[in-house]
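In: Sequence and computational prediction follow.
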Amino acid sequence: MQSSARIALLAASSTLMGACFRFVPATNPGMDVTDGAAQDAADARQDSTPTDITAVDTTDDTISLDAMDATTDTGVATDTGIVDDRADTSAPPPDVRTDTGIGDSCVAPPSGSDAGIAMGSCAMNNGGCSNFATCQQFCDGTRRCTCTNGLTLGADGASCTGLILVSKTSITMPGTNSATASQDVSITRNGRRVAWSSVVETTLRALRCYASDLATNTIDEIGMTRDAMGREQRPEACSTGMVTEDGSRALFLVRGVHPGDPEAPPPWPMSTIFNTVWPYYRDGGGAPRRVNTWQHLASTQLHMENFNLFRFSRDGQRMAFSTRSQVDPMLRPGDSMDFYSASIPIQLHEPYYENVVSGTRMIAPFGAGLSNSRDFDLCGDSNTMVFGTGRRPVAETHPGTDIFVRRIATNMASTVTLNASPDTSGTNTDSRVPTASFDASVTCFVTNSPAFGVASTGEYVFSVRSGSTYTVIRPSPPIPAVDPLANTMSDDGRFVVLATRANFPIAGQAIDSNNATDYYLFDIMNPAAPRPLQRVNLTRTGDQAAGTHVGPTQVRISGDGNAVAFITDQQLVPEDINGAGADLYVRVLR
């Protein structure tokens with residue numbers, strides 16, 4: 001039975017919560033946005049070597065899932081997580097699927113420093129503290145924000161800033177990044193959770209999927225389960241991982257059927273099953289559930305089924321992908337790379353073919369400059385796709401590749417497709433590598449079309465929607481786009497991160513003198529005159545890294561614009577000890 005003091009405390013807490021309550025609506029990535037030019041010449045379904053790390057927005061290969069010995073037992077637990085070496089190991093860390101909350105207990109206010117202390121309840125919106133901070137409740141009604149993961153508390157006493165090396169998933173040296181190489185970055189809307197895949201040991205030549213809760217400083221191998229005897233169950237290879245904002249659902253791609261899959265495999269030849277890539281999801285840390293995107297393929301069509309590009313939606317309820325396999329039960333476009341979408345779990349009438357003529361369910365024809373569907377991204381609303389294709393969803397005469405916007409996962413013939421890169425140049429030029437805001441009202445892409453006044457080598461441009469019409473804006477000064485490419489945009493369309501070799505002076509920051517690819521954060525409130533805010537891949541102390549970034553370019557900004565997750569092979573912190581191996585970092589902005 002609770003004591004009277006306890007009851008009084010609960011009553012006071014309830015009164016405080018009632019007075020302070022306000023509704024805060026949720027405004028809620030994967031595989032790589034790649035240049036599929038090589039796919040135009042051949043159906044490249046062969047796996048790359050495990051050390052050939054796929055680059056977001058840049059490579060021409062299909063998604064590569066590298067083989068491994070699935071029975072290898074490394075002793076890494078699925079549900080307890082891999083503890084980072086900076087974490088407090090005095091008690092088991094929470095699982096990545098567990099959203100740790102603040103209890104209704106309180107402590108006496110501290111004496112001494114009042115940094116981070118203000119009036120507020122930790123029970124509401126983390127007490128106003130950053131998503132990367134913990135909130136401690138004091139009995140006098142005040143609370144204190146404390147930044148985790150080595151981040152620095154801001155002058156406001158609530159925000160956090162700094163740089164985190166996330167991909168510390170070594171098997172032989174747990175809690176470090178020794179002998180690892182990472183890719184496939186995704187980040188939640190609030191930036192608290194990130195997911196990625198790592199080649200964890202070069203001798204294993206394998207990809208594994210991980211997720212990290214940056215607030216609790218824990219890592220979980222989301223692609224691994226355990227059988228009834230507690231033995232580890234891993235797929236042949238795992239990539240393109242993602243977790244939802246609350247951590248309740250984990251999603252990833254698997255080569256071959258997951259050994260923990262409770263569903264019987266399809267009646268296919270074993271060699272085909274083994275080499276086919278399958279989407280999987282896990283709810284609440286449960287069994288992996290297969291999403292059979294290939295359910296409508298005839299036996300005569302079966303071979304090593306794979307995706308070229310793949311994205312899970314942020315809410316974990318949908319997926320979009322490109323493939324040469326004709327997976328729509330109604331529309332069969334032929335041997336070409338095309339876009340599809342489906343629900344999770346998949347419905348019997350899915351996947352849907354998305355390269356249709358606007359307002360119809362007819363296959364869009366190719367333009368004069370025949371080009372396969374190339375790049376795409378899923379928007380923060382989890383319903384809108386922005387994609388580049390040589391097909392003609394809308395009537396136009398431009399022979400090259402253009403950028404289009406479409407609401408996915410609907411079989412309605414009336415669904416419209418909008419052209420975000422209206423090109424009247426008549427030249428066989430391309431617009432590609434798109435990203436967009438929450439509902440694609442603002443988009444960003446790379447183009448070399450003279451219609452937009454850009455250099456023939458390619459530049460980043462922005463396209464803003466008014467009603468059903470997009471207007472392309474070339475920024476000044478221009479932002480060159482030279483391979484490797486990568487871009488990402490916040491939900492409100494205010495912030496964008498771009499990979500570029502150009503240098504943009506920023507007051508108070510290290511001079512860019514490396515003549516190499518860097519990640520720059522821009523404020524594009526005025527798209528015609530973007531304001532560079534930060535070079536993201538500086539060291540923890542704010543210096544330019546000694547080495548240059550020469551590996552894959554992958555970057556994702558959180559929907560709220562408060563954090564940037566990126567891949568680099570530069571050593572940005574002292575604890576980065578894997579040499580030239582690519583790593584996942586998160587730059588926390590506030």
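Out: Good, I have the coordinates.

In: Neighbouring strands - and their directions - for the helix or strand Ile164 falls within?
Out: Using DSSP states H and E, the element containing Ile164 is strand 160-165. Strands flanking strand 160-165 in the sheet, each with its direction: strand 152-153 (antiparallel), strand 583-588 (antiparallel) (DSSP bridges).

In: what about the shortest one, average pLDDT?
Out: What that stands for is strand 152-153. In this model, strand 152-153 carries a mean pLDDT of 94.

In: how about low-confidence regions in the stretch 1-150 of the chain?
Out: 1-105, 111-113 (pLDDT under 70).

In: let's see 50
Out: 1-103 (pLDDT under 50).

In: Repeat that for the chain.
Out: Those would be 1-103, if you go by pLDDT under 50 across the chain.

In: how about the helices in it?
Out: Assigned by DSSP state H, the helices in the chain fall at 4-20, 37-41, 270-275.

In: Show me what the nearest residue to Ala565 once chain neighbours are set aside is bridged to.
Out: Leaving aside its sequence neighbours, Ala565 sits nearest to Ile187 (C-beta to C-beta, 6 or more residues apart in numbering; 4.4 Å). All C-beta spots, glycine's among them, are computed from the backbone N, C-alpha and C. Taking DSSP bridges as the rule, Ile187 bridges to Val194.

In: and the gap between Ile187 and Ala516?
Out: 24 Å (C-beta to C-beta, to the nearest Å).

In: of the two, who's got more company?
Out: Ile187 (29 against 16; other C-beta atoms under 10 Å).

In: Pull the contacting residues for that one.
Out: Pro29, Arg193, Val194, Ala195, Arg556, Ile557, Ser558, Ala563, Ala565, Val586 (C-beta atoms under 8 Å, 6 or more residues apart in numbering).

In: Repeat the analysis, applying 6 Å as the threshold.
Out: Val194, Arg556, Ser558, Ala565 (C-beta atoms under 6 Å, 6 or more residues apart in numbering).

In: Mind checking which of the residues you listed land in strands?
Out: Val194, Arg556, Ala565 (DSSP state E).

In: okay, those residues in JSON lines with neighbour count and distance to Met173 next?
Out: Shown next, in JSON lines, are the ones in strands among the contacts of Ile187 (neighbours: other C-beta atoms under 10 Å; distance: C-beta to C-beta, whole Å):
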{"residue": "Val194", "neighbour count": "29", "distance to Met173": "21"}
{"residue": "Arg556", "neighbour count": "26", "distance to Met173": "27"}
{"residue": "Ala565", "neighbour count": "29", "distance to Met173": "23"}
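
In: could I get the residues you listed as JSON lines with distance to Glu201?
Out: What follows is the ones in strands among the contacts of Ile187, written out as JSON lines (distance: C-beta to C-beta, whole Å):
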{"residue": "Val194", "distance to Glu201": "21"}
{"residue": "Arg556", "distance to Glu201": "26"}
{"residue": "Ala565", "distance to Glu201": "23"}
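
In: before we move on, back to that, closest one to Ile363 out of the contacts of Ile187, please.
Out: Nearest to Ile363 among the contacts of Ile187: Arg556, at 31.7 Å, using C-beta to C-beta.

In: Was I right to think that closest one contacts Thr488?
Out: Yes. Using C-beta atoms under 6 Å, Arg556 is in contact with Thr488, at 5.0 Å.

In: quick one: contacts of the strand holding Ile164?
Out: So strand 160-165 is contacted by 130, 132-133, 147, 149, 151-152, 540, 573, 575-576, 585-588 (C-beta under 6 Å, 6+ apart).

In: In CSV: the strands paired with strand 160-165, plus distance to Arg535.
Out: Listed next are the strands paired with strand 160-165 as CSV, based on distance: least, C-beta to C-beta, whole Å:
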stretch, distance to Arg535
strand 152-153, 18
strand 583-588, 10
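
In: Identify, out of those strands, the most deeply packed stretch.
Out: Each of these was scored by mean neighbour count; the highest is strand 583-588, a mean of 26, by mean count of other C-beta atoms under 10 Å.

In: Any idea how many residues pack against the closest residue to Ser198 other than its chain neighbours?
Out: What sits nearest to Ser198 in space, not counting adjacent residues and going by C-beta to C-beta, 6+ apart, is Ser182, at 4.5 Å. If you count neighbours by other C-beta under 10 Å, Ser182 ends up with 29.

In: what residues are up against Ser182?
Out: Ser167, Trp196, Ser198, Ala582, Asp583, Leu584.

In: From Ala215, how far out is the second one?
Out: Same thing as Trp196. 17 Å.

In: Among the two, which residue is more densely surrounded?
Out: Higher neighbour count among Trp196 and Ala215: Trp196, with 30 against 24, using other C-beta under 10 Å.

In: who touches that one in this structure?
Out: Ser182, Asp184, Val185, Tyr210, Leu584.

In: go with 8 Å
Out: Contacts of Trp196 (C-beta under 8 Å, 6+ apart): 166-167, 182-186, 209-211, 241, 567, 584.

In: Output stretch 464-479 as PDB, nothing but the C-alphas.
Out: The C-alpha trace of stretch 464-479 is given here as PDB (Å, rounded to 0.1, in the frame of the first residue of the first chain):
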ATOM      1  CA  VAL A 464       9.500  25.000 -54.900                       C
ATOM      2  CA  ARG A 465       5.800  24.000 -55.400                       C
ATOM      3  CA  SER A 466       3.000  26.500 -55.600                       C
ATOM      4  CA  GLY A 467      -0.300  24.700 -56.100                       C
ATOM      5  CA  SER A 468       0.500  22.000 -58.600                       C
ATOM      6  CA  THR A 469       3.400  23.800 -60.300                       C
ATOM      7  CA  TYR A 470       7.100  23.600 -59.400                       C
ATOM      8  CA  THR A 471       9.600  26.400 -60.000                       C
ATOM      9  CA  VAL A 472      13.300  25.500 -60.200                       C
ATOM     10  CA  ILE A 473      15.600  27.900 -58.500                       C
ATOM     11  CA  ARG A 474      19.400  28.000 -59.100                       C
ATOM     12  CA  PRO A 475      21.100  29.200 -55.900                       C
ATOM     13  CA  SER A 476      23.700  31.900 -55.900                       C
ATOM     14  CA  PRO A 477      26.500  31.300 -55.400                       C
ATOM     15  CA  PRO A 478      26.100  28.000 -57.300                       C
ATOM     16  CA  ILE A 479      26.700  24.700 -55.500                       C
END
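
In: Sounds good, over and out.
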